[in-house]
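Asks: coordinates for the following, if possible.
(chains A, B, C, D, E, F, G and H)
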Protein chains: 8
Amino acid sequence: MTDIEKLMKDVAEGKVSPDAAVLKLKKAPFEDLGFAKPDLHRALRQGVPEVIYGAGKNAAQIDAIADRLIENGAETVLITRIDSTREAELRIPHRYFVDARIAIAGAMPEIRTEGVILIATGGTSDIPVAEEAAVTAEALGNRVNRLYDVGVAGLHRLLSHDEDIMNARVIIVVAGMEGALASVVGGLADAPVIAVPTSVGYGASFGGLSALLSMLNSCASGVSVVNIDNGFGAGYMASMINHLGEKA
Amino acid sequence: MTDIEKLMKDVAEGKVSPDAAVLKLKKAPFEDLGFAKPDLHRALRQGVPEVIYGAGKNAAQIDAIADRLIENGAETVLITRIDSTREAELRIPHRYFVDARIAIAGAMPEIRTEGVILIATGGTSDIPVAEEAAVTAEALGNRVNRLYDVGVAGLHRLLSHDEDIMNARVIIVVAGMEGALASVVGGLADAPVIAVPTSVGYGASFGGLSALLSMLNSCASGVSVVNIDNGFGAGYMASMINHLGEKA
Amino acid sequence: MTDIEKLMKDVAEGKVSPDAAVLKLKKAPFEDLGFAKPDLHRALRQGVPEVIYGAGKNAAQIDAIADRLIENGAETVLITRIDSTREAELRIPHRYFVDARIAIAGAMPEIRTEGVILIATGGTSDIPVAEEAAVTAEALGNRVNRLYDVGVAGLHRLLSHDEDIMNARVIIVVAGMEGALASVVGGLADAPVIAVPTSVGYGASFGGLSALLSMLNSCASGVSVVNIDNGFGAGYMASMINHLGEKA
Amino acid sequence: MTDIEKLMKDVAEGKVSPDAAVLKLKKAPFEDLGFAKPDLHRALRQGVPEVIYGAGKNAAQIDAIADRLIENGAETVLITRIDSTREAELRIPHRYFVDARIAIAGAMPEIRTEGVILIATGGTSDIPVAEEAAVTAEALGNRVNRLYDVGVAGLHRLLSHDEDIMNARVIIVVAGMEGALASVVGGLADAPVIAVPTSVGYGASFGGLSALLSMLNSCASGVSVVNIDNGFGAGYMASMINHLGEKA
Amino acid sequence: MTDIEKLMKDVAEGKVSPDAAVLKLKKAPFEDLGFAKPDLHRALRQGVPEVIYGAGKNAAQIDAIADRLIENGAETVLITRIDSTREAELRIPHRYFVDARIAIAGAMPEIRTEGVILIATGGTSDIPVAEEAAVTAEALGNRVNRLYDVGVAGLHRLLSHDEDIMNARVIIVVAGMEGALASVVGGLADAPVIAVPTSVGYGASFGGLSALLSMLNSCASGVSVVNIDNGFGAGYMASMINHLGEKA
Amino acid sequence: MTDIEKLMKDVAEGKVSPDAAVLKLKKAPFEDLGFAKPDLHRALRQGVPEVIYGAGKNAAQIDAIADRLIENGAETVLITRIDSTREAELRIPHRYFVDARIAIAGAMPEIRTEGVILIATGGTSDIPVAEEAAVTAEALGNRVNRLYDVGVAGLHRLLSHDEDIMNARVIIVVAGMEGALASVVGGLADAPVIAVPTSVGYGASFGGLSALLSMLNSCASGVSVVNIDNGFGAGYMASMINHLGEKA
Amino acid sequence: MTDIEKLMKDVAEGKVSPDAAVLKLKKAPFEDLGFAKPDLHRALRQGVPEVIYGAGKNAAQIDAIADRLIENGAETVLITRIDSTREAELRIPHRYFVDARIAIAGAMPEIRTEGVILIATGGTSDIPVAEEAAVTAEALGNRVNRLYDVGVAGLHRLLSHDEDIMNARVIIVVAGMEGALASVVGGLADAPVIAVPTSVGYGASFGGLSALLSMLNSCASGVSVVNIDNGFGAGYMASMINHLGEKA
Amino acid sequence: MTDIEKLMKDVAEGKVSPDAAVLKLKKAPFEDLGFAKPDLHRALRQGVPEVIYGAGKNAAQIDAIADRLIENGAETVLITRIDSTREAELRIPHRYFVDARIAIAGAMPEIRTEGVILIATGGTSDIPVAEEAAVTAEALGNRVNRLYDVGVAGLHRLLSHDEDIMNARVIIVVAGMEGALASVVGGLADAPVIAVPTSVGYGASFGGLSALLSMLNSCASGVSVVNIDNGFGAGYMASMINHLGEKA
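Replies: All right, here's what the predicted structure looks like:
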């Protein structure tokens, strides 16, 4: 029985007045802080910790939102895109991952799945985006295997890790410049590949556009793409898929 | 034991001569037709039917490739991006899906999973791309639920199908123009969403660029994107994820 | 009292069973034709005729949708983006506006307002888009004043119609190439201006991009923009504003 | 009788000499400050306060222009795009709205209309642009209803405010990233919607281009668009439309 | 004494009634054909023949406009962008220049200046655009010197014509692909250079964008640019400059 | 007789040895400073002062080049794109124009022509680019008439200066945002118009791209365009044309 | 002794008159056919056959140019970008390569070098561009090794040809879509790689832009790029490099 | 005999155990430093010094990688894209080239070839990119001839160096703005030309895009292109080609 069906039944049975029912339907599961409307029920609804997108919010705003989330039962709050300066101003207790620019308040979730998410980067400069993906995936309860600096110009570095590729349930490929790593990994792997173009590069990389287009045009099957530098999005999507693998 | 380990062992045990081993390592699991090098072992390697990308190949070339694949044991051969004119010239027995522009030679695979892939479109014009995704997913052994013409400008059409959204294991959203459907569905669903921008639209849709950018920038978590009009890629990726759900 | 409040009350009073209420809430005011889900209540909800976007639909599909709309009480059905070839195949009785590429089934609405919508074009080639706007606005019950070929390179043509500009309640400016007309009219007028860039031009007009950017950057206040060649959108928006003027 | 007709009559009647008439026709209703030619009669001509676009002007220039406008009878002068550093240097008495980056010299106009302008944002980061629109609209004599952080990824936050949407005479939607909010609100509302893309986002948002294209391609009717981050333009246009509603 | 001064004086002296003066001021020097408002006085105002931009007009419309212009005293009417199919349908007597896609009705003007306009092209494919410029310039009474296929990859072809370059009063450079010819000629010449990018090329020429950008970035002084393929615009501008040379 | 003809004759007459002739032909009229090869004869060849493009050169390099030019007889050296910091480090005596970011070493040339170059800007923010054009034109011996802040949104400001427009021999239009001023002035004037798009604006002005495209697509005849913010190029071109007017 | 030195000497020694010397200097080594200025000495100057770029030239023009080249001693004339329709109209004897769209008049040059040019393609659809490169290289006297359909999604196809890669003196990589093949081959090879992006693909391949950007951003050293679909340019450049290898 | 053939033989002959062989095949010739996987055998494999791309790495990371490379026998380590601030923090002994932003640790290689690489720039501002190419080529054992500031607007500067052009075995052309120098040099030279667009310029140079497109569209044969500002890539490619010339 859905919530709404139950509510209707309660109204019919006189347990709930019509006015209260309307109110209840109207009252959204979020609280209005004026500048933000944090979703207090998302953890329940989606089975994952609440996430605060830190960019464009000051420390006080982040604290306020995190407080309300924790008061409402969130066990873990992930704060993304927060640099070390603002992080230093946070009042709420947290753990900070400097490469990933992520702060985590509350308990770190246990690893809830056997499947491994492999995160590969083309170069050293792609590591911050890869770490955003890695810490996100870990905070969502996944095992992560990091495989950094395996760009296609030195193919043997990648091929020598073929078992890592074969053993992964989901793969995240993080690469800037020509973004070719996604296609090569996509061709080698049986697992779904989530490609993250990065803004690493110069000149005709056009802030990640080159890698983005390259990944969208991948000739390998089983590759999909998220926004430039969107490590969080890739980690979140990979976690969703990985837990799906566990469920059945 | 991997193939290469076994081969080494055979060499050491004298079962295979060094020259034969080198030959065997070199001899790739594909056949060279001159104009194409079809991969004869992919079905085994990836657990899926072989796919022929039909665009830019004539009927004779497609027939030749399909023949060789079937001779090598492929049970199902999917031929994508083939319009009705070329399809009429195919010599190989097949079944044709006109909306999807897909021909399938060999047996249609059984449905091998409980999970359902939901395919939603923003409008009527997005249906051909959606059908490419749907037929691909079906040919890969998935149940598909079609939910067409539920664009965000008439939100009640989408909201009235909330159960379809909640029951899907994977969701494919196909939309042109502003591509907003991906974000809205992504916000409603717990399942991973694969977004397919379409070239439907005119003016500032710039051949699907508007929908592509919109989907890449989705504020909903759990959304990734494939190339404009790439129904096949979405169907393939969704199938990969869906079967992952089944495995564990 | 809103519909939902009324429904709750009916449930509480036993006039409607809980199950029927749920059903009623779920049953969306549209009908599912498979390829399309026409909105049968929009005329009531928005006070305007139903619109069928004709591009990418065949005559049979359009007929089917129009039939259902009329059966549900729509008095006027506007079919846009339908060229003369497809129009000739329509079975449903209608009137065709060839320049505007619009067919109208059902009664032509009466003019329901005193306000005049002025539609100005930069050149002769912009007329089809202007006519799409004009016929749309007329079908929505507005008076339209056409002022064609008054581009800024011959400013006296525009200035000699200053009274038309001053007397309009809403103005639609349709122009390709450099799109300067929107700014000039915006500076002269007190009325809101809706600018429609057209794909008229060549070379660096890039299919209307030049006019689009120009209009978005207008230094005149009170100018907003719709998609390239979107005469319908401009006519619809102008009608909304014009009737607003009437209401109070 | 228009001004020019009256002038002609005066000349014929000898009340005005031909030379004086020529002078009068030539003498524009603005004063030349060298670096700027402020329009001293606009308040009369357009029925609204004078606006100074602050970007690219120093405090002394702004003071000079504002002085002259007030000397000529302007009751309210709106200074837009002025950051707090330059604002601190203004000599002219004013009130400063820091989020909106707007300074207002002179009296704040009374609210002159019953209609409400609803301003909705997708996220917290869009608030500065929304405030530019809100303060502009208020300075032009409108009631404003703020509805912030109601992005489409959490649709229930928006849907729980359906009455705000239904009760607005004009709606401004401010959103970056994928800009989907404009289409969703456009589909729910009967009022004209002015969409403001913002440069909020990263990667493939390309400084607001993604939201801009998305909004231009909106599948909802009754949506038009202004420049990226152009809160002022949206507020001004909304006010024009809102007062139109009052006039009749 | 300007027209308006004279009119004022006439009114004061009773020679013209106030009403007639207003009428005269209002009556624009053009006639309204509905679909077009041809400028009947431009020949007088700008000292050049009237031009009809043929693209997007049918033969009947062109005939109607040309008729009215000739009735009003135009001696030469230039019809541009008219292909041979539509040209064959013209009723008005004319001479057709097939390469230039220009038809000329009325008398061909005499050459009214000593100065020579040099028109150089990079390749053979640029000739149609060059001819549009050449015929336009000739119809406006200029001597034209054609120097075709002198692209920079074979510099000696250009350098062997140094006297042509030195003797020209104005130079038009027509080039597609990399558009380098404009800079090289600009460096060699003392005369103003008008550069016309053409859409000749393929791949990364992007329909003339490459040549356009190249010409805009010319490191040579004295180079300005018109739209891609805009031979008419270049010929017109060159004629204006050339006659200026004559005047003093 | 050209230089080369004279040289040949000298060789034949034994006045110049073959080796000396070859040397003379090879020896270019510039000196190699290693980092730069200033053109010492350009003043003679093109009849104008030497110009040093200051961007990307340090003060010492500029001094070195200017020294050599003056030693070789240059009377005036124009140094463009030099900000006040570097200008303060120049050792060579000069006069600095801060708005135009131009330094001039040597004598200011006399005005050598009757013709007037009119320079109009759309707004106050366009003035620096306009001043670069103005100071360049003045340094090249032209009379300049400045007409600033006459954008098309307040058309009467422009129209009240119709005599300035009519009296100019060449017109430079400097405008950012939608760049419509070029078309309006081009329609009003009989003189050639050189349009300079500026990077003034925000959002969809894309750093001047909007104004650039708008100007390239101008529907007015007699308009050509230079690079974004290229005031120098416009001033130089205008001077070339203006002196042409004087020559004949 | 250069030509010019010799000429000077001849003048000094009275063997050549000054006038004749000037004439000789001026007389370029090309003939003016009006629409084209074929370079009659290029074969001597660059050691290669003359090339006629066929696009945009009709059969008669091509015949005329080829005739003159052969009369002047060219032994081989390469005609590129000529489709089968125009090829059928050629009067000059020739051999046609339909995939490459190249016609060759005159003798086919002998292979003049030991080095091998390897040409690899990502897919079957890239073959026409690869053939343009191959036939060009062969016509310029090179051995060519074709390796088609070895895209990175099936890496084993490429790796099984490692000896072909190691043995090539120059490599041409032809690929559309994501263009990743260039980086992978560049990482494997010691030879210089010339990358040719192709317009093969759809959606976000944007006519080859994706592959172009990808190749320009290659993380492998020793990769340079030519225009989209420019097989000829790649073949020509590769031949230049290959013969360089032979020379020393 | 290839490595793999030798290994097989060793296995067959019992010299190497199967397990050791597998290990050996798996063990890649690089070391894993966590953040980077430097290729320790590349010097052997490609016959060139190891290169560290400095951008995005801190001094400690560079030191660590360089140390490991030198320990493994690298005689020369090239560190590119390292500005003077980070260079000052390097612990490893090195020589710094400030213009080129390159540090070289270890011995400078001897010049190993007779051939000369000519490096030409359009202007003074292009020198840093040219120096990156020059120092790279020198570090790879090549003679380099620098020819700076020879842009096409002063063609005599370039033509007076015709012997430098004729004597070069490979040519690198470095130019921003319109990039025309590549085509002009390509037309004059018999040697392969590698074109490097630079981000020098402003406005419509769009960060080097204009020069890039121009060079890709070069009408001269024998021109290929590397990424914007990629001096290293050009120097590396030129060295490869130059040594090829030496080999045979």
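
Asks: for chain B, what are the nearby residues on chain A?
Replies: Within reach of chain B by CB under 8 Å from any CB of the partner chain, chain A has these residues: A:45-47, A:51, A:114-115, A:169-170, A:190-192, A:194, A:212, A:216-217, A:221-228, A:232-234, A:236-237, A:240-241, A:244-248. Where you see a C-beta, it was placed from the backbone N, CA and C, and this is true even at glycine.

Asks: got a ChimeraX select line for the buried ones in those?
Replies: Buried residues within the residues of chain A next to chain B, by 16 or more other CB atoms under 10 Å in any protein chain shown, are selected in ChimeraX with:
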select /A:46,51,115,169,170,190,191,192,194,212,216,217,221,222,223,224,225,226,227,228,232,233,234,236,237,240,241,244,245,246
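
Asks: give me the subset of the residues of chain A next to chain B touching chain D.
Replies: Applying CB under 8 Å from any CB to the residues of chain A next to chain B, those adjacent to chain D are A:212, A:227-228.

Asks: now flag whichever of those residues is closest to residue E:138.
Replies: Nearest to residue E:138 among those is residue A:212, at 50.2 Å by CB to CB.

Asks: which residues does stretch A:61-71 contact?
Replies: A:31, A:33, A:35-36, A:38, A:40, A:50, A:52, A:54, A:57, A:77, A:79, A:82, A:86, A:90-92, A:105-106, D:124 (CB atoms under 8 Å, 6 or more residues apart in numbering or on different chains).

Asks: and the buried ones among those, selectable in PyMOL?
Replies: A single PyMOL command selects the buried members of the contacts of stretch A:61-71 (16+ other CB under 10 Å):
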select buried, (chain A and resi 33+35+36+38+40+50+52+54+57+77+79+82+86+90+92+105+106) or (chain D and resi 124)
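
Asks: which of the contacts of stretch A:61-71 fall in strands?
Replies: A:50, A:52, A:77, A:79, A:105-106 (DSSP state E).

Asks: farthest pair within the residues you listed?
Replies: Between any two of the ones in strands among the contacts of stretch A:61-71 (CB to CB), the greatest distance is 11.9 Å, for A:52 and A:106.

Asks: spit out the residues that contact the two alike.
Replies: Common neighbours of residue A:52 and residue A:106, counting by CB under 8 Å, 6+ apart, are residue A:77.

Asks: SS state for residue A:117?
Replies: strand (DSSP: H, G, I helix; E, B strand; the rest coil).

Asks: beta partners for it?
Replies: Beta-bridge pairing for residue A:117 (DSSP bridges): residue A:144, residue A:170.

Asks: give me the neighbour count for it.
Replies: As a burial measure, residue A:117 scores 29 neighbours (other CB atoms under 10 Å in any protein chain shown).

Asks: leaving out the residues flanking it, which one is nearest to the residue in chain A that chain E sits nearest to?
Replies: Closest to chain E within chain A is residue A:204: 10.9 Å, counting by CB to the nearest CB. Distances taken as CB to CB, 6 or more residues apart in numbering or on different chains put residue G:216 closest to residue A:204, at 4.3 Å, once the chain neighbours are dropped.

Asks: for the one you found, report the pLDDT, please.
Replies: Note on residue G:216: pLDDT of 95.

Asks: just residue A:163 next, same as before
Replies: 87.

Asks: backbone phi and psi for it, please?
Replies: When quoted as degrees, to the nearest 10, the phi and psi of residue A:163 stand at phi -70, psi -40.

Asks: and it, how far is that from residue A:121?
Replies: Residue A:163 sits 18 Å away from residue A:121, going by CB to CB, to the nearest Å.

Asks: more neighbours: these two, which one.
Replies: Between residue A:163 and residue A:121, counted using other CB under 10 Å, residue A:121 has the larger neighbour count: 29 against 10.

Asks: which strand residues bridge that one?
Replies: Beta-bridge partners recorded for residue A:121 (DSSP bridges): residue A:174.

Asks: doesn't residue A:152 make contact with it?
Replies: No - look at residue A:121 against residue A:152 with CB atoms under 8 Å: they stay out of range, at 11.8 Å.

Asks: residue ranges with poor pLDDT in chain A?
Replies: For chain A, the stretches flagged by pLDDT under 70 are A:1-5, A:19, A:21-32, A:34, A:39-48, A:245-248.

Asks: ok, the residue of it found nearest chain F - contacts?
Replies: Among all residues of chain A, residue A:206 sits closest to chain F, at 13.5 Å; criterion: CB to the nearest CB. Neighbour list for residue A:206: residue G:213 [criterion: CB under 8 Å, 6+ apart].

Asks: how does it look with 10 Å?
Replies: For residue A:206, the contacting residues are A:199, A:212-213, D:206, G:213, G:217, H:206-207, H:209, H:228, by CB atoms under 10 Å, 6 or more residues apart in numbering or on different chains.

Asks: CSV for those, including distance to residue G:185 and secondary structure?
Replies: CSV is the format used below for the contacts of residue A:206 (distance: CB to CB, whole Å; DSSP: H, G, I helix; E, B strand; the rest coil):
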residue, distance to residue G:185, secondary structure
A:199, 26, coil
A:212, 23, helix
A:213, 20, helix
D:206, 32, helix
G:213, 18, helix
G:217, 15, coil
H:206, 30, helix
H:207, 28, helix
H:209, 26, helix
H:228, 22, coil
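
Asks: regarding chain A, what is its longest helix?
Replies: Counting residues, the longest helix found in chain A (DSSP state H) is helix A:231-247.

Asks: contacts only, for the residue in chain A that chain B sits nearest to.
Replies: Taking CB to the nearest CB as the measure, chain A has residue A:224 as its residue closest to chain B, at 3.8 Å. Going by CB under 10 Å, 6+ apart, residue A:224 touches A:182, A:186, A:192-195, A:215-216, A:218, A:234, A:237, B:192-196, B:223-227, B:230, B:233-234, B:236-238, B:240-241.

Asks: mind redoing it with 7 Å?
Replies: Shown in contact with residue A:224 (CB atoms under 7 Å, 6 or more residues apart in numbering or on different chains): A:194, B:194, B:224-226, B:237.

Asks: next: residue A:6.
Replies: So residue A:6 contacts nothing (CB under 7 Å, 6+ apart).

Asks: which parts of chain A sit against chain H?
Replies: A:124-125, A:127, A:148-150, A:154, A:156-157, A:160, A:200, A:202-204 (CB under 7 Å from any CB of the partner chain).

Asks: can we see that at 8 Å?
Replies: Counting by CB under 8 Å from any CB, chain A sits next to chain H at A:123-125, A:127, A:148-150, A:154, A:156-157, A:159-160, A:200, A:202-205.

Asks: kind regards, and thank you for your time.
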